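Enquirer: Sequence and predicted structure below; questions after.
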Amino acid sequence: MRILVAEDEPIMLKTIELRLKKDGHTVIATDNGRDALEKIEQGEVDLVITDIMMPYSSGLEIVGRVKGQEKQIPIIVLSSMGQENVVLEAFNLGADDYITKPFSPNELSMRVKRFSK
C-alpha cells in the first residue's frame, strides 16, 4: 500500500516511516501540508496519515481537500491535541480514524491494516 505521511516533527516522521516500511508499505513522507497536498494530487496514494498542526496547510485542510475529491482516500489523523472539538472537526470533515500522540507503533500498524485492500 502507498501511504503518504505528513508530519512536521522529524523524529515522529522518521519513526512512522520506518514502522510502515517494516510492515511492507511504500511511504511518501513530507513535513508540511502544502507538499502533502501536491503529492496527493501527483499520484496514487492509498492512505493518508496526517498531523493536525503543520506549516502551510493544516491536517484539517488536507482532510477537507482530499475528501472533496472524487476518489475517496482513507485518512488517519494524528495529533498531540486531545481536544474533543478538534477530533469532532476532523471526523466531520471526513477523517476515517484519529490517533492521539503519543501512540504505540503496534497501534499504528493495526489501524493501517484496517485500510489494506
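Expert: Right, received. Where do you want to start? Numbers count the residues shown, from 1 in each chain.
Enquirer: Look at Ala36 and give its secondary structure.
Expert: At Ala36, secondary structure determined by DSSP: H, G, I helix; E, B strand; the rest coil is helix.
Enquirer: List the contacts of it.
Expert: Ala36 is in contact with 4, 6, 30, 48, 50, 54, 57, 62, counting by CB atoms under 8 Å, 6 or more residues apart in numbering. In short, each C-beta sits where N, CA and C put it, glycine included.
Enquirer: my read is the fifth one is in a helix, agree?
Expert: No - counting by three-state DSSP, one finds Thr50 to be strand, located in no helix.
Enquirer: Contact partners for it?
Expert: Listed by CB under 8 Å, 6+ apart, the contact set of Thr50 reads 4-7, 33, 36, 59, 62-63, 75-78.
Enquirer: Now do Ile40 against Val66, distance only.
Expert: Taking CB to CB, to the nearest Å as the measure, Ile40 falls 6 Å from Val66.
Enquirer: any residues in contact with both of these two?
Expert: Jointly contacting Ile40 and Val66 under the rule CB under 8 Å, 6+ apart are 48, 73.
Enquirer: Cool, thanks, talk later.
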